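Participant: can't give you the sequence, but here's the structure:
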């Protein structure tokens, strides 16, 4: 029988100067290798002076790399302090180590983390550099503001419906220029349908008489009050979004140029650059900033708008070397097929559930190309006819992620093969597959002569 000390000796120590930290809401438990201090396990509080004392103790013990296990956001302050102090910090997914039996306390948890990390058996979660993390915080907060603003739009819509004001049936967006003018007039006391309908924009398809009929409703005092309150809150969130956009633009200006803007100006965007009221796109020139800081115009890829690219870059950063290949990148996004095999049989190939904002941006881009007359659009429609809508979105998002990675890693411009070229390539692949299958079955394909219409 092999003792535990003999089995431990069989493992090669990869990180001799490794420490393990179990993060808690009130206290953090830290374990260092034996012999580094009289007590190789200590606990520290969550206040900043105690976190600095934790970092000092790790320096005193000669620690170079740290593995920490945590859920929530309790790990962020300690992670940033240790990273600033020069430690190599690995945030370990708690799901990967929680199944080990026998660990029922924080003390054993930090010891186990230290031991596994010293053997090189723990993989740290991806986290971009500090500058990108700042941008990511702004983008995530902006998304929260947009979501909150949309909640008040729904409440405005509910108040209008209860007054039988069917504004949403004659204009496509009640937060557009026409809708906001009408809503503000209603809140100000205007009730004449003809006067309200006269505020329509000339581009509105519905006639003035149709809009007037839709605006003839039962303007109840309590519902108008609710409409006023929700409109005020919506305007408040729009001001907050604009203030957040100012900070985002300031931070984007601090990123180093990856391309000479004078020698290689940004190519003309293939997407509309209009900014309408109520749109979620920032008002500043985001397209130029993205091209300058990344060196690639990702908006040339069908479906990838400027806001989508900003979200993706804020999540993955600017250093493509963090992902060795496109397969690693799509696996981290959760867009590649699963590989669950038991007993030599494939049990499931579903994509694993991942809460990833970059993956969500790629899925939104995949939905945007459903009617695109491009090779990616044709791919989506072919996948949809075979697999259905949800799987087609995942497959197209995977394809867009691979295209994004190639441009990201090689700093090349995107060249879109035309729809006709894609269809010809697909036809050639299908024909080659049929020929190979027929040959395996002992048959030979004979091309059918093209049918000619009879001319009378």
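Facilitator: Nice, thanks for sending it over. What you see is a predicted model, and the numbers here were worked out from it, not measured in a lab.
Participant: C-alpha from now on. contacts and neighbour counts both.
Facilitator: OK.
Participant: so what's the nearest residue to residue 45 once chain neighbours are set aside up against?
Facilitator: Sequence neighbours aside, residue 27 is the residue nearest to residue 45 in space, at 4.5 Å (criterion: Cα to Cα, 6 or more residues apart in numbering). Applying Cα atoms under 8 Å, 6 or more residues apart in numbering to residue 27 gives the contacts 43, 44, 45, 46.
Participant: read off the pLDDT value for the third one.
Facilitator: What the model reports as pLDDT for residue 45 is 93.
Participant: again, but for residue 28
Facilitator: So residue 28 comes in at 92 (pLDDT).
Participant: and if you look at residue 372?
Facilitator: 86.
Participant: got a list of what it touches?
Facilitator: For residue 372, the contact set (Cα under 8 Å, 6+ apart) comprises 302, 378.
Participant: try residue 74
Facilitator: 23, 24, 25.
Participant: of those, which is the most crowded?
Facilitator: residue 23 (24 neighbours; other Cα atoms under 10 Å).
Participant: could you measure from that one over to residue 121?
Facilitator: Counting by Cα to Cα, to the nearest Å, the separation of residue 23 from residue 121 is 19 Å.
Participant: what's the answer for residue 140, then?
Facilitator: The gap separating residue 140 from residue 121 is 32 Å, by Cα to Cα.
Participant: which residues does stretch 211-221 contact?
Facilitator: With contact meaning Cα under 8 Å, 6+ apart, stretch 211-221 is reached by 163, 164, 165, 166, 167, 169, 170, 191, 193, 194, 196, 197.
Participant: same check on stretch 222-229?
Facilitator: By Cα under 8 Å, 6+ apart, stretch 222-229 touches 155, 156, 159, 160, 162, 163, 186, 187.
Participant: how's the chain carved up into domains?
Facilitator: Domain assignment for the chain by automatic domain parsing gives 12-118, 131-253, 286-410.
Participant: dump these into a markdown table; add distance to residue 443 as well.
Facilitator: Converted to a markdown table, these look like this (distance: least, Cα to Cα, whole Å):
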| stretch | distance to residue 443 |
| --- | --- |
| domain 12-118 | 52 |
| domain 131-253 | 57 |
| domain 286-410 | 27 |
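Participant: mean pLDDT lowest for which of these?
Facilitator: Of all the domains of the chain, the minimum mean pLDDT falls on domain 12-118 (a mean of 87).
Participant: and the end-to-end length of it?
Facilitator: End to end - Cα to Cα - domain 12-118 spans 9 Å.
Participant: what sits against residue 110?
Facilitator: 20, 21, 22, 29, 30, 31.
Participant: which one of those residues is nearest residue 174?
Facilitator: residue 22 (50.1 Å; Cα to Cα).
Participant: quick check: phi and psi at that closest one.
Facilitator: Backbone torsions of residue 22, given as degrees, to the nearest 10, read phi -100, psi 120.
Participant: does it really touch residue 114, like I thought?
Facilitator: No: judged on Cα atoms under 8 Å, residue 22 makes no contact with residue 114 at a distance of 9.8 Å.
Participant: pretty sure residue 126 sits in a helix.
Facilitator: No: with DSSP: H, G, I helix; E, B strand; the rest coil as the criterion, residue 126 is located in coil rather than a helix.
Participant: next, it: phi, psi?
Facilitator: phi -70, psi 140.
Participant: what's around it, how many residues?
Facilitator: 14.
Participant: measure it to residue 403 for me?
Facilitator: 21 Å.
Participant: now a PyMOL select for only the buried ones of the contacts of stretch 211-221.
Facilitator: Typed into PyMOL, the line below selects the buried ones among those, using 16 or more other Cα atoms under 10 Å:
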select buried, resi 163+165+166+167+170+191+193+194+196+197
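Participant: now for the contacts of stretch 211-221: which two are most distant?
Facilitator: Most distant of the contacts of stretch 211-221, by Cα to Cα, are 169 and 191, 18.4 Å apart.
Participant: mind checking the SS state of residue 20?
Facilitator: Secondary structure assignment for residue 20 (three-state DSSP): strand.
Participant: ok, residue 178 - contacts?
Facilitator: Counting by Cα under 8 Å, 6+ apart, residue 178 has contacts 199, 200, 201.
Participant: from those residues, list just the buried residues.
Facilitator: Applying 16+ other Cα under 10 Å to the contacts of residue 178 flags 199, 200 as buried.
Participant: just to revisit the earlier point, residue 140 and residue 121: who's more crowded?
Facilitator: Each of residue 140 and residue 121 has its neighbours counted (other Cα under 10 Å); residue 140 has more, 15 against 11.
Participant: that one: helix or strand, and which one exactly?
Facilitator: helix 130-162 (DSSP states H and E).
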